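Asker: Provided below for reference: sequence and predicted model.
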Amino acid sequence: MNRRNFLAATGVASLAVASGVTSCAPRPRLATTRTYSVPKLKLSLDRIVKETVGLRPFRASGPRIAREELGSKTLVHNYGHGGSGWSLSWGTGNLAREMVLATGERKVAVLGCGTVGLATARLLQERGLEVTIYTKDLPPNITSSVATGTWSPASRVCDPTKATPEFRQQWEQATRFSFRTFQFLLGMNDIAAWVDEYNVYKTRPTGQPDIGQGGEVYHLDGLLPERQELSAKQHPFGAAYVTWRSNMMFNIPSYLHHQMSTFVMLGGRILIREIKKLEDIDALPERCVVNCMGLGAKAVFNDEELTPVSGQLACLIPQPEVTYKLNAQGASVIARKDGIYLGGNGLVGNWDTTPKREYTEQFVERIQQVMNEMTD
Ligand SMILES: Cc1cc2nc3c(=O)[nH]c(=O)nc-3n(C[C@H](O)[C@H](O)[C@H](O)COP(=O)(O)OP(=O)(O)OC[C@H]3O[C@@H](n4cnc5c(N)ncnc54)[C@H](O)[C@@H]3O)c2cc1C
């Protein structure tokens with residue numbers, strides 16, 4: 001049984017459609033007559049200046065966005081965003097904010113200084129709350145700093161066969177809220193930008209095309225422009241099937257810097273502190289605590305569902321003329337201001353953050369093949 005039939009058999013697809021979320025992307029439309037110029041990447045191992053491995057905080061049932069009472073404290077959980085934390089940060093931050101506001105507390109602790117903690121903290125400040133961030137590490141020593149940084153709100157965000165209807169509803173609300181928030185960050189100090197995104201296939205996929213090559217499980221109509229199929233005359237790739245769309249990407253170092261600076265400018269405090277056990281949370285002066293510790297929440301809250309899905313990235317020296325995103329043959333390219341990132345893998349349950357040269361070589365080889373097959 002293929003994935004689509006399985007979803008249909010379990011009723012997941014119809015439930016998802018009923019809430020406005022679909023489990024498959026619409027078939028790409030045939031594009032207009034515009035031609036797309038795609039500058040070639042300079043690919044060689046000696047242009048790789050950095051290799052990283054990040055651990056996506058994955059939960060099969062989806063991120064945990066929930067309120068819990070812990071002795072005299074109210075805890076609001078906001079963690080476990082898989083490969084979608086950058087995209088969903090504002091949206092799940094907003095859901096968490098609603099839970100915090102319902103407590104009536106005015107002084108709030110946020111645990112974690114990743115993209116999720118920072119967005120949540122900023123949203124709380126917007127409502128006049130006094131926020132302190134407690135964190136073990138700061139950027140760049142956190143997962144958020146070693147992400148690709150594109151709009152991908154459904155990438156490895158859950159196992160659709162395990163996600164609850166409540167999560168699907170939260171996901172749709174969070175995705176819409178985040179998308180709208182990003183529209184106000186675009187153009188501001190280059191922290192977020194629109195880019196061309198190409199999907200390049202050696203052979204035309206049969207059946208319903210999947211949403212993406214990053215394990216995306218849901219799709220919401222009406223946000224990004226839909227993918228368009230390009231005719232051979234419109235693109236330089238030597239491939240049987242090519243799609244294009246506009247997508248958003250985040251310049252991670254400047255984005256995190258912007259978030260931390262704004263948070264501090266508005267009176268927020270960032271304290272370096274490791275939370276090792278529940279008693280450490282009890283000892284905090286704030287009565288309301290938002291848990292945005294990502295994978296760090298596993299040990300403290302004994303969350304057996306939380307699992308790393310590791311992803312290696314290899315960073316090439318930037319080429320100013322290269323500003324696109326490309327997915328081909330299980331590898332991806334994303335051009336950011338700080339470098340051109342190659343990646344595409346995901347190892348479930350892998351805690352090892354040591355980069356492996358063979359993965360980098362694989363990314364380079366696969367993308368080099370795409371470049372070699374391009375017309376000049
Ligand atoms: C290779 C890769 C590519 C990705 N690409 C994308 C993408 O293109 N788009 C997208 O939307 N998402 C992407 N993601 C996913 C995204 O990076 C994560 O979902 C996101 O970074 C999670 O953010 P976070 O703030 O929850 O966690 P983190 O960034 O891990 O932050 C957690 C914070 O909690 C702190 N902390 C942890 N434990 C403790 C403790 N015990 N005590 C105190 N503080 C603690 C940490 O120090 C840190 O400050 C990618 C991830 C990877 C690995």
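Answerer: Perfect, I can see it now. Numbers count the residues shown, from 1 in each chain.

Asker: Just the closest residue of the stretch 251-376 of the chain to the ligand, please.
Answerer: Here the stretch 251-376 of the chain gets closest to the ligand at one residue, Gly296, 1.9 Å apart by C-beta to the nearest ligand atom. The C-beta positions use only the backbone N, C-alpha and C, and glycine is treated the same way.

Asker: That residue reaches Lys136, doesn't it?
Answerer: Yes. Using C-beta atoms under 8 Å, Gly296 is in contact with Lys136, at 6.6 Å.

Asker: overlap in contacts of the two?
Answerer: When contacts are counted by C-beta atoms under 8 Å, 6 or more residues apart in numbering, Gly296 and Lys136 are jointly contacted by Ile275.

Asker: Give me the more crowded residue out of the two.
Answerer: Legend: neighbour count by other C-beta atoms under 10 Å for Gly296 and Lys136, higher for Gly296 (23 against 16).

Asker: Show me the shaky parts of the stretch 201-350 of the chain.
Answerer: Low-confidence segments of the stretch 201-350 of the chain, defined by pLDDT under 70: 207-215.

Asker: tell me which parts of it are close to the ligand?
Answerer: 274-275, 292-296, 300, 311, 313, 343 (C-beta under 6 Å from any ligand atom).

Asker: Quick one: residues contacting Ile133.
Answerer: If a contact means C-beta under 8 Å, 6+ apart, then Ile133 has 109-113, 117-118, 121, 263, 268-271 as its contacts.

Asker: Roughly how far does it sit from the ligand?
Answerer: The gap separating Ile133 from the ligand is 8 Å, by C-beta to the nearest ligand atom, to the nearest Å.

Asker: Ok, Leu75 next?
Answerer: 14 Å.

Asker: secondary structure class for that residue?
Answerer: strand (DSSP: H, G, I helix; E, B strand; the rest coil).

Asker: Can you name the residues that contact the closest residue to it other than its chain neighbours?
Answerer: Once flanking residues are discounted, Leu75 sits nearest to Glu68: 4.7 Å by C-beta to C-beta, 6 or more residues apart in numbering. Residues in contact with Glu68, defined by C-beta under 8 Å, 6+ apart, are 74-77.

Asker: which residues touch the residue in the stretch 101-250 of the chain that the ligand sits nearest to?
Answerer: Relative to the ligand, the nearest point of the stretch 101-250 of the chain is Gly114 (2.2 Å; C-beta to the nearest ligand atom). Neighbour list for Gly114: 85, 139, 142-144, 292, 294 [criterion: C-beta under 8 Å, 6+ apart].

Asker: Which of the residues you listed lies at the shortest distance from Ser246?
Answerer: Gly85 (21.7 Å; C-beta to C-beta).

Asker: before we move on, which element is that closest one in?
Answerer: Element membership of Gly85, judged by DSSP states H and E, is helix 85-101.

Asker: go on, Gly311?
Answerer: Secondary structure (DSSP H and E) places Gly311 in strand 307-316.

Asker: Quickly list the domain ranges of this protein.
Answerer: Listed by automatic domain parsing, the domain ranges of the chain are 32-58+193-207+225-249+306-376, 60-184+252-300.

Asker: quick one, helices of this structure?
Answerer: Using DSSP state H, the helices of the chain run over residues 3-10, 12-18, 85-101, 115-126, 165-185, 252-265, 278-282, 297-301, 357-372.

Asker: Could I get the buried residue list for the longest one?
Answerer: For helix 165-185, a neighbour-count test (16 or more other C-beta atoms under 10 Å) marks 167-168, 170-179, 181-182, 185 as buried.

Asker: what's in contact with that helix?
Answerer: 15-16, 19-21, 61-63, 65, 87-92, 94-95, 151, 153-154, 157-158, 163, 191-192, 218, 220, 223, 248.

Asker: pull the CA atoms of that helix into PDB?
Answerer: The C-alpha trace of helix 165-185 is given here as PDB (Å, rounded to 0.1, in the frame of the first residue of the first chain):
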ATOM      1  CA  PRO A 165      -6.800  16.100  15.100                       C
ATOM      2  CA  GLU A 166      -5.900  18.600  17.800                       C
ATOM      3  CA  PHE A 167      -2.300  18.800  16.400                       C
ATOM      4  CA  ARG A 168      -3.600  19.300  12.900                       C
ATOM      5  CA  GLN A 169      -5.700  22.200  14.000                       C
ATOM      6  CA  GLN A 170      -2.800  23.700  16.000                       C
ATOM      7  CA  TRP A 171      -0.600  23.200  12.900                       C
ATOM      8  CA  GLU A 172      -2.900  25.100  10.600                       C
ATOM      9  CA  GLN A 173      -3.300  28.000  13.100                       C
ATOM     10  CA  ALA A 174       0.400  28.100  13.700                       C
ATOM     11  CA  THR A 175       1.300  28.000  10.000                       C
ATOM     12  CA  ARG A 176      -1.100  30.800   9.100                       C
ATOM     13  CA  PHE A 177       0.100  33.000  12.000                       C
ATOM     14  CA  SER A 178       3.800  32.400  11.200                       C
ATOM     15  CA  PHE A 179       3.300  33.000   7.500                       C
ATOM     16  CA  ARG A 180       1.700  36.400   8.100                       C
ATOM     17  CA  THR A 181       4.400  37.400  10.700                       C
ATOM     18  CA  PHE A 182       7.100  36.600   8.200                       C
ATOM     19  CA  GLN A 183       5.500  39.000   5.700                       C
ATOM     20  CA  PHE A 184       6.500  41.800   8.100                       C
ATOM     21  CA  LEU A 185      10.100  40.600   8.500                       C
END
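
Asker: Name all residues that make contact with Gly82.
Answerer: Counted by C-beta under 8 Å, 6+ apart, Gly82 has contacts 56-59, 63, 155-158, 309.

Asker: Quick check: closest non-adjacent residue to the residue most central in space within the chain.
Answerer: The structure's the chain has its C-alpha centroid closest to Ser84; by C-alpha atoms, centre = their mean the separation is 2.8 Å. Take Ser84 and drop its neighbours on the chain: the residue closest to it by C-beta to C-beta, 6+ apart is Val157, 4.3 Å away.
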